[in-house]
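In: let me see the structure of the following:
(one chain, ligands or ions: 1)
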Amino acid sequence: MYDIIIVGGGPAGLTAGLYAGRSKLKTLIIEKSLAGGQVSGTAFVENYPGSIEDASGMGLSNRMLEQSKEFAEIKYEDVVEVSLKGDVKKVKTDKAEYEAKVVIISSGASHRKLEIPGEEEFSSKGVSFCATCDGPFFTGLDIYVVGGGDSALEEASYLSRFAKSVTIIHRREEFRASAVVVDKVKNDPKIKFELNAIVKEIKGDKEAKSLLVENTKTREIKELKSKDGSPIGVFIFIGYIPQTDLFEGQVELKHGYIVTDEDMKTNLEGVFAVGDVRDKKVRQIVTAASDGAIAAVLANRYLEGLAW
Ligand code: NAP
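Out: The predicted structure is shown next:
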């Protein structure tokens, strides 16, 4: 029996683990793939306090993981079922079943897809959701980045070091990204823009070679491709979908996100939710970490017998 099981090892879950473990609570973090969550696939993190010398997302993830591992146990398993009602919570993975008095859900969010022809077919053959992982494969080639938020513009800026050119394709004229990032891409001579445009199809042979885009105002469709017929990179950053399938019917959801109060408490006693999976306005690494700390401190109080 664990005191706390944390489902998901991104910044929110790792911070919860760090705080819970330092309170001498028997803590298990379960992560299905790579600890660090979305941060691991982020090129540079310039807005997490202290992340200066090695500002790479992977570096920050590794440091968070190493620190949490000092205090909490981590298992790399896939959670397949949870039972969250009652005093004993059960978490079943592909390998075993665990029990805990408290569960902290930090399952995060996964990449939203365009759901267009060619996206699946050319996945890993030109289509990517991770600039840090795949950027170097497109050295000297034309890259297209889809999206107008912080992720799209920051990753476009990172990709411009490898690419012959980067074209940002966005469905509107205004960007959702913060002003400082918009300025950065606008001042990058390698970055071009295809605005009021939506991607209809990704085409190619063995690799992605072109994109069909439709202008939302004129409805004109054009094909974007390299002048010399070379393969292209298509990086898609159009937001995220909360990972809440496992918890549906148990914790309260709003638009797919888990509803909590400001103490990270869900509608179920002994169950907290933190990070991007939670219904909230600001999704940043620093707010994810903050959520994790709050949940762990209040879980400790709950386990000490103080009221929920
Ligand atoms: P986001 O802010 O939700 O932006 C998604 C972008 O994709 C928007 O520009 C949206 O267009 C576009 N989009 C959505 N669905 C689309 C579709 N089907 N087809 C074409 N375009 C589509 O997502 P994000 O950029 O991944 O950021 C997620 C959160 O993380 C945000 O809170 C962001 O601030 C934060 N973040 C912060 C940093 C940082 O501070 N350094 C870095 C990365 C992310 P519309 O604008 O027209 O809706």
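In: got the end-to-end distance for stretch 276-283?
Out: 6 Å (C-alpha to C-alpha, to the nearest Å).
In: mind listing what Leu195 touches?
Out: By C-beta atoms under 8 Å, 6 or more residues apart in numbering, the residues touching Leu195 are 170, 172-173. Placement of C-beta: from N, CA and C, glycine included.
In: contacting the ligand as well, which ones from those?
Out: Filtering those for proximity to the ligand (criterion: C-beta under 6 Å from any ligand atom) leaves Arg172.
In: tabulate the contacts of Leu195 (a markdown table), appending distance to Lys265 and pLDDT.
Out: Shown next, in a markdown table, are these (distance: C-beta to C-beta, whole Å; pLDDT from 0 to 100):
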| residue | distance to Lys265 | pLDDT |
| --- | --- | --- |
| His170 | 38 | 98 |
| Arg172 | 37 | 97 |
| Glu173 | 41 | 96 |
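In: please report which of the contacts of Leu195 has the highest neighbour count.
Out: His170 (23 neighbours; other C-beta atoms under 10 Å).
In: against Asp150, how distant is it?
Out: Distance, His170 to Asp150, using C-beta to C-beta, to the nearest Å: 13 Å.
In: repeat for Val39
Out: Separation of Val39 from Asp150 (C-beta to C-beta): 13 Å.
In: comparing those two, which residue is more hemmed in?
Out: Under the neighbour definition other C-beta under 10 Å, Val39 and Asp150 were set side by side, and Val39 has more, 23 against 19.
In: what sits against the more buried one?
Out: Applying C-beta under 8 Å, 6+ apart, we find Val39 in contact with 10-11, 45, 57, 60-61, 64, 285.
In: which residue ranges of the stretch 151-300 of the chain form strands?
Out: In the stretch 151-300 of the chain, strands defined by DSSP state E, counting those that start in this stretch lie at 165-169, 191-194, 197-204, 208-215, 221-225, 233-236, 240-242, 253-254, 257-258, 271-273, listed in chain order.
In: how distant is the second one from the center of its chain?
Out: Spelled out, it's strand 191-194. In this view, strand 191-194 has its centroid 25 Å away from the chain centroid, taken as C-alpha atoms, centre = their mean, to the nearest Å.
In: what about the helices in the stretch 1-150 of the chain?
Out: With helices called from DSSP state H, counting those that start in this stretch, the stretch 1-150 of the chain shows them at 11-22, 57-69, 131-134, 150-159.
In: nearest to the ligand, of these?
Out: helix 150-159 (3.3 Å; C-beta to the nearest ligand atom).
In: now that closest one: mean pLDDT?
Out: In this model, helix 150-159 has an average pLDDT of 96.
In: near the ligand, which residues of the stretch 101-250 of the chain?
Out: Counting by C-beta under 6 Å from any ligand atom, the stretch 101-250 of the chain comes close to the ligand at 112, 114, 147-152, 154, 171-172, 176, 198, 237-240.
In: filter those residues to the buried ones?
Out: Buried residues within these, counting neighbours by 16 or more other C-beta atoms under 10 Å: 114, 147-152, 154, 171, 198, 237-238, 240.
In: between these, which is closest to Glu121?
Out: The shortest gap between Glu121 and any of those belongs to Leu114, at 12.4 Å (C-beta to C-beta).
In: check the gap between the closest one and Ser160 for me.
Out: Taken as C-beta to C-beta, the span from Leu114 to Ser160 is 22 Å.
In: OK, contacts around Ser128?
Out: Applying C-beta under 8 Å, 6+ apart, the residues near Ser128 are 134, 233-236.
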